[in-house]
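Student: Test case, fold it:
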Amino acid sequence: MSALVRFSSLLDAERAAALAADVDTLARLQVEKEQALAELGQAPPPAEEQAEIVRKARANVGLLRQLAELHRALLVGENAGSATYGPTGAPRMGDLVSLRRV
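Tutor: Numbers count the residues shown, from 1 in each chain. So this is what the prediction gives:
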């Protein structure tokens with residue numbers, strides 16, 4: 001299997017893991033993706049062959065950001081994605097829920 005095909009398969013697996021919120025698989029895939037990228041760096045494929053990989057990778061980044069935001073919201077409260085600001089434009093820390101011990 002070529003490095004490009006391997007990396008494409010890893011991106012497909014990453015998408016499935018992100019959709020399933022399977023963070024253990026996502027962590028494992030990062031290591032495998034790093035190895036595949038190292039192989040690709042030694043013999044980069046032509047730009048036209050890279051286009052689909054770039055599209056998949058960008059789509060996955062969007063999914064991973066959504067997953068991270070979901071986890072953040074679950075940890076710090078429902079409104080984690082939208083900051084609360086006071087009349088001066090400064091964040092209102094008293095309105096935020098935190099898991100930090102005081």
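Student: Next, the buried residues of the helix ranked longest in the chain.
Tutor: Secondary structure of the chain per DSSP state H: the longest helix is helix 47-76. By 16 or more other CB atoms under 10 Å, the buried positions in helix 47-76 come out as I53, K56, N60, L67. C-beta here means a position set from N, CA and C on the backbone, and glycine is covered the same way.
Student: likewise stretch 27-41?
Tutor: Buried residues in stretch 27-41, defined by neighbour count with 16+ other CB under 10 Å: L29, K33, A36, L40.
Student: what's the closest of these to A16?
Tutor: Taking CB to CB as the measure, A16 lies nearest L29 of the buried residues of stretch 27-41, at 9.8 Å.
Student: Do I have it right that that closest one meets A13?
Tutor: Yes - the pair L29 / A13 is scored as a contact, 5.9 Å apart, by CB atoms under 8 Å.
Student: I'd like to know how far the closest residue to A21 other than its chain neighbours sits from S2.
Tutor: The shortest distance from A21 to any non-neighbouring residue, by CB to CB, 6 or more residues apart in numbering, is to L67 (6.0 Å). Counting by CB to CB, to the nearest Å, the separation of L67 from S2 is 29 Å.
Student: Perfect, I'm done here.
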